[in-house]
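Enquirer: Coordinates for the following, if possible.
(chains A and B)
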Amino acid sequence: METADLSHHISRRFNEDLERVRSKVLAMGGFVEQQLQKAITALTEGDSTLGESVALGDHQVNNMEVSIDEECSRILATRAPAAGDLRVIVAIIKTITDLERIGDEGEKIGYIASRLATMERPADKYREIKHLGRIVSEMVHDALDAFARMDAESALRVARQDRLVDEEYEAIQRQSITFMMEDPRTIRRALDVMWVVRALERIGDHAKNISEYVIYMVYGKDVRHTSLDDVERELRERAGPGGEPRPTVAP
Amino acid sequence: MRIPLQPATQAWWFAAGRLLATVVAGLIVGALFGRIWGGLACALAIHLTWQLVVLFRVEWWLRHRSFADPPDIGGVWGEILSQIVRLHRRKRFHKQRFVQLMRQLQSSTAALPNGVVILNPQREIVWFNRMAGRLLDLRRTADLGLRIENLLREPAFARYLQLEEYANPVIIRRANREECYLSLQIVPYGDGQQLLLAADVSQQMRLEAVRRDFVANASHELRSPLTVIAGYLETLSQDPALDRDLAGPVAEMRRQAERMTAIIHDLLELSRLEQTAVPVGGDPIDVPALLALLRKDVLARPVHPREVRVRIDSDAALIGVEAEIHSAFSNLVDNAAKYTPAEGSIEMRWWVDEDGGHFSVTDTGIGIPSEHIPRLTERFYRVDDGRSRATGGSGLGLAIVKHVLQRHGAELEVRSTMGKGSTFSCHFPPQRVHAERAATAV
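Expert: Predicted coordinates for the structure are as follows:
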């Protein structure tokens, strides 16, 4: 079916400039993914050097953001892209901001990890953080995959995951408060844990944002402040009786 | 397939004969009725109509039932029909052969324990086998035409692609899977095309971790008794009540204990270098900062040459594994310090040109006889046994340097003049030099 192929073929219709910028964004994404992995490992393994290296590596993320931003401005100025291409550039500019923020949150986790490494590890060795960290890492990874593939359905699935993250976040918060009430000596560490979990929850939000930009890129629909159910319903409507949602791609 | 000419020629003769007979019959019948040309015209009309009917049958068969046997039409058209049938049969035979071949190819590539991805010169995915799909999370048809680095985003892989040192694979840790390590290698072929080979090496990495742990534990075990021995020897040597005859032996024992410690340390480092997979890339290293640190180390030695210079001709960073490069450079500088008298000097230099990045240590020491130079990096090789053992050291330093440089695609160059001094140079390829300043300080 021709129209269903179009969303898959969007990436091939990009000219070289756009393709290069897209690759740079994904390279930045890969680096940020690694930073996140390192930060979580540093925390759960109590590796303070690793935590520090995450913090030190963050300025590389910032450099990448600046460089891609400049490239996008250049493309906008010299090529004046329209329709589908313009949506891609706009989505890229927004995506790198979210990626940079993910980097910042990762840096925070890294700092806390190197601080917590010197303290005594709790009995459960931060199991909940590991679990939440895994969910959030997968979200970031899947969002970037959806970006690479221009796959709006995967993007929608990632956006849905964020609810799970919010629930986990609240559960951990409740648990931490319980610990703090039971034993005031654990307040210091519990607060650090809450900071980490909050950072992870924020990262989940950023991953959700990125997947919303992917949907915007493919369908031309800004879904940022729409409930996901409404989004899904509208996409199905656009599909019509064919079943498969049809992307609106400019000729 | 040779077409027998007989039936076809026969058919044509028959056709010609039939036409002639029709013409003659028409003329005769026409003559009988007094209208010779009318008769001819009628005969020809009948002949034409009959030809049209045959044509119709042929065309109908071709359009609707060309898979079945052709109608039994004699003559030239019959010959044409049997040719068509032959062509069909040949085509079907070749197609079946081709399908069989494809199926064999598919089942063999599906059976491959490793993943294979074919990339075009733009590194877009052209094809991949089932294992590659499983290892790299690739989707059957959707991912064709996508750039591989857009889906495999691990920074180590990106650096591997950038450095283009494809002689060895790179090992990456898969981002979204627990404890999953993949070995990836690019094999260029054909017209700018590339094969990406992927294998799951998680098992090997686990074994490697076990081995490293063993080695680390063993070294601790060995070091502890040594520390005890060295400690007692130190106490003994400082004991004023020690018998004068024993002072010499005790001092010698201390030196030997120190040597053993150095040997254990270097042996472990060497075995680590040999056993772990060849690394690729690494991170940008701030060379000027590293050299400054090494200079401080030399000046902190109890005995060192008076002048220690550092000459930085380039701000560029070196891409590599920091700990290993530090170890290699440190070994070279230590050697220079050891074999240079106190009035002498050492100069460290870092420069970049179109051949790549270069680090050199020049000393004004005793020099090395040229016949020894090719064997310098052998383990435990000594130029001058008596003297080197006295100055300590494990004899493994240059072997370590050699391994580190090998792992970084670099070469060691040694130049020396007896009595004047020596220069040890490390030449790194251009891909290892990063123009921007290094991110992290030493």
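Enquirer: hey, let's count contacts and neighbours off CA atoms from now on
Expert: Noted.
Enquirer: residues touching residue 217, list them.
Expert: By default, I'm working from chain A. Residue A:217 sits next to A:84, A:87, A:88, A:91, A:150 when contact means CA atoms under 8 Å, 6 or more residues apart in numbering or on different chains.
Enquirer: ok, how many other residues are close to the residue in the stretch 201-350 of chain B that chain A sits nearest to?
Expert: In the stretch 201-350 of chain B, the residue that lies nearest chain A is residue B:283 (10.6 Å; CA to the nearest CA). By the measure other CA atoms under 10 Å in any protein chain shown, the count of residues near residue B:283 is 19.
Enquirer: how about low-confidence regions in the stretch 151-251 of chain A?
Expert: A:238-251 (pLDDT under 70).
Enquirer: which secondary structure element contains residue 107?
Expert: In the absence of a named chain, this looks at chain A. helix A:83-116 (DSSP states H and E).
Enquirer: Switch to chain B, please.
Expert: Counting by DSSP H and E, residue B:107 is found in helix B:75-111.
Enquirer: Show me what counts as buried in that helix.
Expert: In terms of neighbour count (16 or more other CA atoms under 10 Å in any protein chain shown), helix B:75-111 has its buried residues at B:75, B:76, B:77, B:78, B:79, B:81, B:85, B:109, B:110.
Enquirer: and the next element down the chain from the helix holding residue A:107?
Expert: Assigned by DSSP H and E, the successor of helix A:83-116 is helix A:127-149.
Enquirer: residues in contact with that next one?
Expert: A:8, A:11, A:22, A:26, A:29, A:33, A:36-37, A:40, A:44, A:152, A:154-155, A:158, A:161, A:165, A:168-169, A:172, A:196-197, A:200-201, A:203-204, A:207-208, A:210-211, A:214, B:142-143, B:146, B:150-151, B:175-176.
Enquirer: what's the nearest residue to the closest residue to chain B within chain A if we skip its chain neighbours?
Expert: Closest residue of chain A to chain B, CA to the nearest CA: residue A:30 (4.4 Å). Leaving out its chain neighbours, the residue that sits closest to residue A:30 by CA to CA, 6 or more residues apart in numbering or on different chains is residue B:153, at 4.4 Å.
Enquirer: ok, and residue 157, which helix or strand is that part of?
Expert: With no chain named, the answer covers chain A. Going by DSSP H and E, residue A:157 is part of helix A:152-182.
Enquirer: hm, I was asking about chain B
Expert: helix B:155-163.
Enquirer: distance between that helix and the chain's centre?
Expert: Its chain's C-alpha centre and that of helix B:155-163 lie 11 Å apart, by CA atoms, centre = their mean, to the nearest Å.
Enquirer: helices or strands up against the next helix or strand after it?
Expert: Sequence-wise, the next helix or strand downstream of helix B:155-163 (DSSP H and E) is strand B:170-173. Packing partners of strand B:170-173 (3 or more CA pairs under 8 Å, 6 or more residues apart in numbering or on different chains; DSSP states H and E): helix B:155-163, strand B:181-189.
Enquirer: Please list the residues of the stretch 1-150 of chain A that sit near chain B.
Expert: Proximity of the stretch 1-150 of chain A to chain B, by CA under 8 Å from any CA of the partner chain, involves residues A:8, A:11-12, A:23, A:26-27, A:29-31, A:33-34, A:37, A:56-57, A:60, A:137-138, A:141, A:145, A:148-149.
Enquirer: ok, 6 Å please
Expert: The stretch 1-150 of chain A comes close to chain B at residues A:23, A:26, A:27, A:30, A:31, A:138, A:148, as judged by CA under 6 Å from any CA of the partner chain.
Enquirer: List just the nearest of those residues to residue B:91.
Expert: residue A:148 (41.7 Å; CA to CA).
Enquirer: Can you get me a residue count around that closest one?
Expert: 22.
Enquirer: try residue A:96
Expert: Neighbours of residue A:96 using other CA under 10 Å come to 24.
Enquirer: And for it, nearest residue in space, chain neighbours not counted?
Expert: That would be residue A:65: by CA to CA, 6+ apart, it lies 5.9 Å from residue A:96.
Enquirer: The residue of the stretch 1-150 of chain B found nearest chain A sits in which helix or strand?
Expert: Of all residues in the stretch 1-150 of chain B, residue B:150 sits closest to chain A, at 5.7 Å by CA to the nearest CA. Assigned by DSSP H and E, residue B:150 belongs to helix B:148-151.
Enquirer: Touching that helix from outside, list them.
Expert: Contacts of helix B:148-151 from elsewhere in the structure, counted by CA atoms under 6 Å, 6 or more residues apart in numbering or on different chains, are A:23, A:26, A:148, B:124.
Enquirer: send the alpha carbons of it over as CSV?
Expert: Taking C-alpha atoms only, helix B:148-151 is exported to CSV below (Å, rounded to 0.1, in the frame of the first residue of the first chain):
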residue,chain,number,x,y,z
ILE,B,148,23.2,1.3,10.8
GLU,B,149,24.7,3.9,13.1
ASN,B,150,21.2,5.3,13.6
LEU,B,151,20.1,2.1,15.2
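Enquirer: chain center to that helix: distance?
Expert: That offset, for helix B:148-151, works out to 17 Å (CA atoms, centre = their mean).
Enquirer: What average pLDDT does that helix get?
Expert: Mean pLDDT, computed over helix B:148-151, is 93.
Enquirer: How about the residues of the stretch 151-300 of chain B by chain A?
Expert: So the stretch 151-300 of chain B meets chain A at B:153, B:154, B:155, B:176 (CA under 6 Å from any CA).
Enquirer: Where does the stretch 51-200 of chain B get nearest to chain A, which residue?
Expert: For the stretch 51-200 of chain B, CA to the nearest CA, closest residue to chain A: residue B:153, 4.4 Å.
Enquirer: contacting residues around the residue nearest to residue B:147 when sequence neighbours are not counted?
Expert: Excluding its sequence neighbours, the residue lying closest to residue B:147 (CA to CA, 6+ apart) is residue B:124, at 4.1 Å. Each residue near residue B:124 by CA under 6 Å, 6+ apart is listed here: B:145, B:146, B:147, B:148.
Enquirer: how about the helix holding residue B:157: buried residues?
Expert: Going by 16+ other CA under 10 Å, helix B:155-163 has these buried residues: B:155, B:156, B:157, B:158, B:159, B:160, B:161, B:163.
Enquirer: quick one: least confident of those?
Expert: For the buried residues of helix B:155-163, the pLDDT minimum is residue B:163, 83.
Enquirer: Thought residue B:430 was touching that residue, still the case?
Expert: No. Taking CA atoms under 6 Å as the definition, residue B:163 is not a contact partner of residue B:430, at 9.1 Å.
Enquirer: what about the closest residue to residue A:91 other than its chain neighbours, distance to residue A:32?
Expert: Leaving out its chain neighbours, the residue that sits closest to residue A:91 by CA to CA, 6+ apart is residue A:213, at 5.4 Å. Going from residue A:213 to residue A:32 by CA to CA, to the nearest Å gives 18 Å.
Enquirer: Same question for residue A:188.
Expert: When residue A:188 is compared with residue A:32 (using CA to CA), they lie 28 Å apart.
Enquirer: quick one, which of the two is more surrounded?
Expert: More neighbours surround residue A:32 than the other of residue A:188 and residue A:32, with 29 against 11 (other CA under 10 Å).
Enquirer: and the helix or strand hosting that one, what does it pack onto?
Expert: Using DSSP H and E, residue A:32 sits within helix A:16-45. Judged by 3 or more CA pairs under 6 Å, 6 or more residues apart in numbering or on different chains; DSSP states H and E, helix A:16-45 is in contact with helix A:48-79, helix A:83-116.
Enquirer: Give me the neighbour count for the residue of the stretch 1-150 of chain B closest to chain A.
Expert: Neighbours around residue B:150, by other CA under 10 Å: 24.
Enquirer: repeat for the one 3 residues further on
Expert: Residue crowding around residue B:153 was assessed by other CA under 10 Å; the count is 25.
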